[in-house]
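Q: I need the structure of the sequence given here:
(one chain, ligands or ions: 1)
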Amino acid sequence: MTKNVEKEIAALREKIRYHEHRYYVLDDPQISDFEFDKLMQRLRELEQKRPELVTRDSPTQRVGGAPAAELPKVRHSSPMISLDNTYSVDELRDFDRRVRELSGRDKVEYVAELKLDGLSMALTYEHGNFVRGVTRGDGTVGEDVTGNIRTIRSVPLRIEEKRLKAIDEPAKFEVRGEVMMTRKAFERANAQREAAGEPRFANPRNSAAGTIRQLDPRIVAERQLDMFVYYLQVNRAEPLREHSQVLETLSKIGFKVNPHWKRCPAFDDVLAYIQAWENKRESLDYEIDGIVIKVNNTALWAELGTTAKSPRWAVAFKYPARQATTRVNDIRAQVGRTGTLTPVADLEPVDVGGVTVSHATLHNMDEVERLGVKIGDTVLIQRAGEVIPQVVKVVKQAEDGREFVMPKKCPVCGEDVRRAEGEVAYRCVNSACPAILKESLRHWAGRRAMNIEGLGDVLVDQLVEKHLVRDVADLYSLTRQQLADLERMGEKSAQNVMDEIERSKQSELARVIFALGIRYVGERTAQLLANHFGALDKIAKATPEELMEAEEVGARIAEAIQEFFQEKRNREVIEKLRKKGLQFEQAQTRKREGRLTGKQFVLTGTLPSLSRQDATDLIEAEGGRVIGSVSKKTDYVVVGADAGSKLDKARALGIAILDEAELKKLLAK
Ligand code: IVH
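A: Down below sits the predicted model:
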């Protein structure tokens, strides 16, 4: 009996490690989140029964131990130097010339990589176990953040011996790389901070930096950091002849290596790489601030050496920032879904990297004060990815600049505006404020929530202003006539919206939970809650302790969920929704048996009528699985407009390629 438990635990750990690697490192999961959660749950159960069998490298132990009192200082095995930056192709040519001269060669092969905008970190492994993670610090001495690094799911806690053969099984080795935050995780972290009344992080890098120095690993775990590695040292030396081999090897032994690196046999290949990524970088779900070019032959690294500050065998090419200067015409307070008043700058329209920008967020009053920005000032603004443009700094103060003061009354409903003790955010106290209601309706109808097509801003405004809707549940009592009587609404569009609202009742539980707009509960948390509890009522009744048993739910999320369900008004809305027949239980189609059972799909490009989520839902409803990247195991690649490298790969591997119409045919067979 005892032996059996031990065996099951060992088998579960191996399985979970394998699937963590597929999911977090390769971005190519083989089982659903639901199935993965079940494995974790089983392992936790067994470990609870047999605590003496819990080991430090168990997948359940990523977040463990009490918060640290401080972060101890640690000396690096060799200095963590940074790179020289260049901003022009001419300077880059100088770099290549210097490398060739110093090495006495006509031609040098390079490797080009993305310059990930995070913070560098050194990880030490002993006998295959992760033992220490240290920040760069001043380059000589950094801070020990081991407990925090352990929470990063793409960082392996243990590497099997057989994999270490690739580097001669060293008793000890060090990898270095970049800890970062995806744009999505950054937005989520900021939403949480704002809701908690804390100042926002300015960008994903600051957010990652702030997170990694947290003393409580549980907070770090919630923030979902990621790490790409690009450097390997064994006994303080380079163990392989080429840097490209290092990247391949790191990947083979289980680390996450950014897949976009490229060998550049000629210097022109470097230039082509830089040019290709100039625009493509916006499509990444994390930020990069340039390209790193490294000499591929590692024997040359020692030969070329380093200056006091940086190596001579590598250089960073920085892309020009997407910035511009313009005048602040006005600053006003905008009321959001949670009732928060956000200061927004109205700008003199200006072109920033091909997009006309006329507004920028100032986030909160702390930020307004930090920037010292006044109406009339000239400011530097910047745009990064899809985030709302931001004000970087004031470049010229207006002589008669007018200070922005947070209004005492809500600009929408006229009720009081308050700032709770210790919070940064100002909020409208009126929970029935039309601005809050409008935002909740927009959120409810959103693509990732109940996905009610046709319920856009104009319609939401009218529904609220005409008092046709007082909460989200009222949407389900609307009549076609009420809609048809509104401005710019014909009989036909009224019917379409009615159909969409009706259809939304079938949305699965996770979407309903997300749509409710509970503070801190984003899409992912909603899915995890749905998987764990299986029913809305169970979540509503759960104690904070029970809530925290769900994956990735920490104390603050648990508290926010409880607060939400304690609010009488919210409970009333939920009762109304129940009466209208919404899905409050996890659909039992989880087994997912259908005509596509066992088939793997990859989606790429924009489909003409189906959104990504719609296509995924349709495929999953028939038992198929949608995964992130193409491999030999892929059965079908569904291709839309602007398909990228996945299509090339599918062709190369000879995988069946479908367009939307063909997919629909397959589903309807
Ligand atoms: S190599 C000795 N490769 O950029 C060379 N660095 O400005 C070590 N960075 O401190 C760095 N992406 O934090 C390297 N692909 C990449 C990188 C990268 C981002 C960061 C790293 C470094 C800084 C230098």
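Q: Could you measure from residue 604 over to the ligand?
A: 25 Å (CB to the nearest ligand atom, to the nearest Å). Quick note: C-beta positions are derived from backbone N, CA and C, even for glycine.
Q: Phi first, then psi, for that residue.
A: Backbone torsions of residue 604, given as degrees, to the nearest 10, read phi -150, psi 140.
Q: Also residue 288?
A: Per degrees, to the nearest 10, the backbone of residue 288 is at phi -120, psi 150.
Q: what's the closest non-adjacent residue to residue 20?
A: Excluding its sequence neighbours, the residue lying closest to residue 20 (CB to CB, 6 or more residues apart in numbering) is residue 153, at 5.9 Å.
Q: Is that neighbour in contact with residue 62, as I believe?
A: Yes: assessed by CB atoms under 8 Å, residue 153 is found in contact with residue 62 at 7.1 Å.
Q: What pLDDT is listed against residue 621?
A: Note on residue 621: pLDDT of 82.
Q: how close does whichever residue of the stretch 401-550 of the chain sits closest to the ligand sit to residue 340?
A: Of all residues in the stretch 401-550 of the chain, residue 524 sits closest to the ligand, at 26.1 Å by CB to the nearest ligand atom. Separation of residue 524 from residue 340 (CB to CB, to the nearest Å): 22 Å.
Q: Name whatever forms a beta bridge with the residue of the chain found nearest the ligand.
A: As assessed by CB to the nearest ligand atom, the ligand sits closest to residue 120 within the chain, at 3.2 Å. Beta-bridge pairing for residue 120 (DSSP bridges): residue 178.
Q: What pLDDT does the model give it?
A: So, for residue 120, pLDDT stands at 95.
Q: neighbouring strands for the worst-scoring helix or strand of the chain on mean pLDDT, and are they parallel or not?
A: Least confident helix or strand of the chain, by mean pLDDT, DSSP states H and E, is strand 625-627 with a mean of 76. If you go by DSSP bridges, strand 625-627 pairs up with strand 600-604 (parallel).
Q: Show me what the next helix or strand after the partner strand is packed against.
A: Once strand 600-604 ends, the next helix or strand along the chain (criterion: DSSP states H and E) is helix 612-621. Secondary-structure packing of helix 612-621 (3 or more CB pairs under 8 Å, 6 or more residues apart in numbering; DSSP states H and E): strand 600-604, strand 625-627, helix 660-668.
Q: Determine which of those approaches residue 324 most closely.
A: Residue 324 lies closest, by CB to CB, to one member of these: strand 600-604, at 33.2 Å.
Q: average model confidence for the closest one?
A: On average, strand 600-604 scores 88.
Q: Could you do stretch 634-651 as well?
A: 86.
Q: start to end distance for it?
A: Stretch 634-651 has an end-to-end distance of 12 Å (CA to CA, to the nearest Å).
Q: cool, and stretch 378-389?
A: Per CA to CA, the first residue of stretch 378-389 is 15 Å away from its last.
Q: rewinding a little: including mean neighbour count, could the helices and strands packed on helix 612-621 go into a markdown table?
A: Shown next, in a markdown table, are those (neighbours: other CB atoms under 10 Å):
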| stretch | mean neighbour count |
| --- | --- |
| strand 600-604 | 22 |
| strand 625-627 | 20 |
| helix 660-668 | 15 |
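Q: Out of the ones you listed, which is closest to residue 234?
A: strand 625-627 (34.0 Å).
Q: coming back round to it: residue 14: which of the helices and strands packed on helix 612-621 is closest?
A: It's strand 625-627; of those, that one is closest to residue 14 (CB to CB) at 21.2 Å.
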